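S.K.: Task: produce atomic coordinates for the following.
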Amino acid sequence: MESKQMIAFFEYFHNVINSKSLIKMVLSNQRNHASDLKSIIITIIEIKKGVRLNFVYRHKTNDVTKNFDVEEGVALTFKAMEDDFLNADLFTTTESVRLLVNVKGKVKIRSNAPALKPVASFGHDRVKERVIPAHNNIYLRELGVLNSAFEVRNEMNDKYLQINRYIELVEPFIKELALPDQFHVADMGSGKGYLTFALYDYLTNILGKKPAVTGVESRKELVKLSNEIAEKAAFSQLKFVCGTIGKAVLEKIDILIALHACDTATDDAIFRGIASGASLIVCAPCCHKQIRREFRVNNALKSITKHGILEERQAEVVTDAIRALLLEAHGYKTKVFEFISTEHTHKNVMIVGRKVAGKPAEIKKSLEQIVAIKELFGIKQHYLEGLLGYK
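M.R.: As a prediction, the model looks like this:
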């Protein structure tokens, strides 16, 4: 793959490092889509030993950061393009350059106007701007993410990244909503409340809204702890109540969140959102057991479902596909995409439904597709169908 264009591109990369006109380089578009490594982000930093290249290896669930001297870093970048990635986006103070390699090794280079602002400092302590800042963040300190100096604890860095990634994911969906200044949010199964606090913080302090946010959690000790932290943070419209997803008493639900609700608890949450006419429903399901027990496959798919691990994965896909279709049948525009897993579960699918004006033809089509899927897998009924009153 060492074409003249490739060599010229990496010579240019070396030059912009030396001139400190590099803003960042991003390697993406995996050669092997099964790889856990999604991208590499390369920037310049200055430490006591001199200029180094900072590599952020972005995996599905975490980031790994390493520093290399310039020569080694350039060589590693070249090797990563040979072995792992097909795209390299080079952002400099004067232009943006994209390197594209197809599967046959053909190289294309495109140049455009600069797309990013110059870096103000190359210092090692330069911190990426996060949606949820650490500075003077009382609730993150009380939750143990930050130390007393409001610095991210080493062992909690992944949690801090997860919190920010979560807000980054839901942000565009929230901004699409025509919400009044005052509205109600329910976070079902809020646990210790990391993400509940972050969402309240984002809605009130960044968007300037006045939401009433309720975290629903079955463990009394976590409810007590979370309410104490909310009081310390002066989050007056954030409260936590003890209850279950299906039975918790809630005044109103405009936005419903249910992350990692186990098996049919996700269906209970979706049902509550639909029944309440929620403008936005956000779920990250896990432990898909109900549909797997329902499988009665007597067609060509039997050769797949006879293998336990493949049957399990197929059940996950079918379960969430029917959930998305049922949301669509009730006037929700849905999107299913990869979230970020946690220490509690490796499941990483998020289902988002935004309330729109459903058209009768589209609703009918969604219900017909559910029937077809059920016939294909010999399923009698999806749990959510029963909650919604379907026979």
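
S.K.: Which secondary structure state is assigned to the nearest residue to Ser276 once chain neighbours are set aside?
M.R.: The shortest distance from Ser276 to any non-neighbouring residue, by CB to CB, 6 or more residues apart in numbering, is to Ile253 (3.9 Å). Every residue, glycine included, has its C-beta placed from N, CA and C. On the three-state scheme (DSSP: H, G, I helix; E, B strand; the rest coil), Ile253 is labelled coil.

S.K.: Ile253 reaches Ser279, doesn't it?
M.R.: No - at 9.1 Å, Ile253 and Ser279 do not qualify as touching, with contact defined as CB atoms under 8 Å.

S.K.: Pull the residues that contact stretch 289-309.
M.R.: 263-264, 310-312, 314-315, 318-319, 322, 376-383 (CB atoms under 8 Å, 6 or more residues apart in numbering).

S.K.: which stretch of helix or strand covers Lys365?
M.R.: helix 360-377 (DSSP states H and E).

S.K.: May I ask you to confirm that Ile23 is in contact with Glu95?
M.R.: No - Ile23 is beyond contact range of Glu95, at 10.6 Å (criterion: CB under 8 Å).

S.K.: Which of the two has more residues huddled nearby?
M.R.: Ile23 (19 against 15; other CB atoms under 10 Å).

S.K.: Check which helices and strands the helix or strand that Ala75 is a member of sits against.
M.R.: Ala75 is located in helix 70-83, with elements delineated by DSSP H and E. Contacts defined by 3 or more CB pairs under 8 Å, 6 or more residues apart in numbering; DSSP states H and E place helix 70-83 against helix 4-18, strand 22-30, strand 37-47, strand 50-59.

S.K.: Asp268 looks like it's in a strand, true?
M.R.: No - looking at Asp268 with three-state DSSP, it is helix, so not inside a strand.

S.K.: re the thing from before, just the buried residues of the helix or strand following the helix holding Lys365, please?
M.R.: Next in sequence after helix 360-377, counting helices and strands by DSSP H and E, comes helix 383-388. Going by neighbour count (16 or more other CB atoms under 10 Å), the buried part of helix 383-388 is 383-385, 387-388.

S.K.: just those residues now: which is nearest Val352?
M.R.: Closest approach between the buried residues of helix 383-388 and Val352, by CB to CB: Leu384, at 15.9 Å.

S.K.: And the average pLDDT for the following helix or strand past the helix holding Ala75 is what?
M.R.: Per DSSP H and E, the first helix or strand lying C-terminal to helix 70-83 is strand 85-92. Per-residue pLDDT over strand 85-92 has a mean of 92.

S.K.: could you say what helices and strands strand 85-92 packs with?
M.R.: In terms of contacts (3+ CB pairs under 8 Å, 6+ apart), strand 85-92 is packed against helix 4-18, strand 22-30, strand 96-101.

S.K.: Show me the contact partners of the first one.
M.R.: What that stands for is helix 4-18. 22, 25, 44, 51, 53, 70, 74, 77-78, 81, 88, 90, 92, 97, 99, 101, 107-109.

S.K.: just the buried members of the contacts of stretch 289-309?
M.R.: 263-264, 311, 314-315, 318-319, 322, 377, 379, 382-383.

S.K.: Could you dump those residues into CSV and include pLDDT?
M.R.: Below are these laid out as CSV (pLDDT from 0 to 100):
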residue, pLDDT
Asp263, 86
Thr264, 91
Glu311, 91
Gln314, 93
Ala315, 92
Val318, 95
Thr319, 95
Ile322, 96
Phe377, 95
Ile379, 94
His382, 96
Tyr383, 94
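
S.K.: Let me have the residues you listed in a markdown table, adding distance to Leu195 as columns.
M.R.: Shown next, in a markdown table, are the buried ones among the contacts of stretch 289-309 (distance: CB to CB, whole Å):
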| residue | distance to Leu195 |
| --- | --- |
| Asp263 | 20 |
| Thr264 | 22 |
| Glu311 | 31 |
| Gln314 | 29 |
| Ala315 | 26 |
| Val318 | 27 |
| Thr319 | 23 |
| Ile322 | 26 |
| Phe377 | 33 |
| Ile379 | 32 |
| His382 | 27 |
| Tyr383 | 25 |
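
S.K.: hang on, isn't Cys287 packed against Cys262?
M.R.: Yes - counting by CB under 8 Å, Cys262 is a contact partner of Cys287 at 4.3 Å.

S.K.: Of all the helices and strands packed on helix 70-83, which one is nearest Glu221?
M.R.: That would be strand 50-59 among these, by CB to CB, at 32.9 Å.

S.K.: Can you show me the CA trace of stretch 350-358 as CSV?
M.R.: Output of stretch 350-358 as CSV, limited to C-alpha atoms (Å, rounded to 0.1, in the frame of the first residue of the first chain):
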residue,chain,number,x,y,z
MET,A,350,-30.3,1.9,22.4
ILE,A,351,-33.8,2.3,21.2
VAL,A,352,-35.1,5.9,20.9
GLY,A,353,-38.7,6.8,20.0
ARG,A,354,-39.8,10.3,19.2
LYS,A,355,-43.5,11.0,19.2
VAL,A,356,-44.7,12.1,15.7
ALA,A,357,-48.0,12.1,13.9
GLY,A,358,-48.3,8.5,12.8
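
S.K.: 7 is where my numbering starts, stick with that
M.R.: New numbering, starting at 7: the last item is stretch 356-364.

S.K.: So for it, mean pLDDT?
M.R.: Per-residue scores along stretch 356-364 average to 90.

S.K.: same check, this time on stretch 250-263
M.R.: In this model, stretch 250-263 has a mean pLDDT of 92.

S.K.: and it, how far apart are its ends?
M.R.: Chord length of stretch 250-263, first to last residue, is 14 Å (CA to CA, to the nearest Å).

S.K.: Contacts for it, please.
M.R.: With CB under 8 Å, 6+ apart as the criterion, stretch 250-263 contacts 180, 183, 185, 189-195, 201-202, 205, 217-218, 220, 222, 224, 247, 249, 264, 267, 271, 274-276, 278-279, 282, 284-289.

S.K.: check contacts around Ala119.
M.R.: 101-102.

S.K.: what does the one 3 residues further on give?
M.R.: Residues near Leu122 by CB under 8 Å, 6+ apart: 29-30, 97, 102.
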